[in-house]
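Novice: Predicted structure and sequence below. I'll ask about it afterward.
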Amino acid sequence: MHLLSQLVVVFSTAVSAAVLYLSLRKAAREVRIRAGFEWARIVLGIGGAFAVGVVVGVQTPRALAVGAVIVGGAIGYFQGQQTLVFLRDSKLWAKRTVWGIALWSAGLVAMQAAGLGSKTGLFRLGQAISFFSMSVALGIIVGRPGAHIPEARIPEPGAPVEEPA
């Protein structure tokens, strides 16, 4: 069984490294903002984290959970501040600035390092990684310029749309 657990750690680490590489390569592209999808992802992520915690019996120290929420929310908020939001074809789009990519990368690397440390038994984080991740996502929404202002979302039908420069 010990060999199997080591193989699982090696395999999941390799998959995480591949996903990290692909994510970093696509970090600068424009993405469409879909508010419903973003909120659903946050609700499902938080719900999933709590459900898994109850089913598996994972305990997360309160200070660690609160710290993960605060740090994740701060990184997300400042990442959101470093996001360009614009309309194209009556749809809301976002693109990270260089600083936004740096903050996004820092958060992603922190989550990967925490996951690796947890998988290898170096330390126990419980659900703190999930709390951190969901807080980053929420912070981005709150921090994004203009994204939370209803008038900035989609213009009236027939209204001229200003394309980004």
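Specialist: Structure received. Numbering: from 1, shown residues only.
Novice: and the helix or strand hosting residue 130, average pLDDT?
Specialist: Per DSSP states H and E: residue 130 is located in helix 128-143. Averaging pLDDT along helix 128-143 yields 89.
Novice: And stretch 79-95, by the same measure?
Specialist: 89.
Novice: Any idea how far apart the tips of it sit?
Specialist: 11 Å (Cα to Cα, to the nearest Å).
Novice: just checking, what packs against the helix or strand harbouring residue 15?
Specialist: In this assignment (DSSP H and E), residue 15 forms part of helix 2-25. With contacts defined as 3 or more Cβ pairs under 8 Å, 6 or more residues apart in numbering; DSSP states H and E, helix 2-25 has these neighbours: helix 98-119. Quick note: C-beta positions are derived from backbone N, CA and C, even for glycine.
Novice: what residues does the helix it packs on touch?
Specialist: Helix 98-119 is touched from outside by 9, 12-13, 16-17, 20, 23-24, 27-28, 72, 75-76, 78-79, 82-83, 96, 122-125, 128-129, 132-133, 136, with contacts defined as Cβ atoms under 8 Å, 6 or more residues apart in numbering.
Novice: what's the burial count for residue 135?
Specialist: Applying other Cβ atoms under 10 Å, we find 23 residues neighbouring residue 135.
Novice: again with residue 145
Specialist: 14.
Novice: Ok, residue 28 next?
Specialist: 13.
Novice: and it, what does it touch?
Specialist: 95-96, 101.
Novice: Can you tell me the strand partners of whichever helix or strand residue 87 is part of and which way each runs?
Specialist: Per DSSP H and E: residue 87 is located in strand 83-88. Strand 83-88 has the following sheet partners, assigned by DSSP bridges: strand 91-96 (antiparallel).
Novice: Much appreciated, bye for now.
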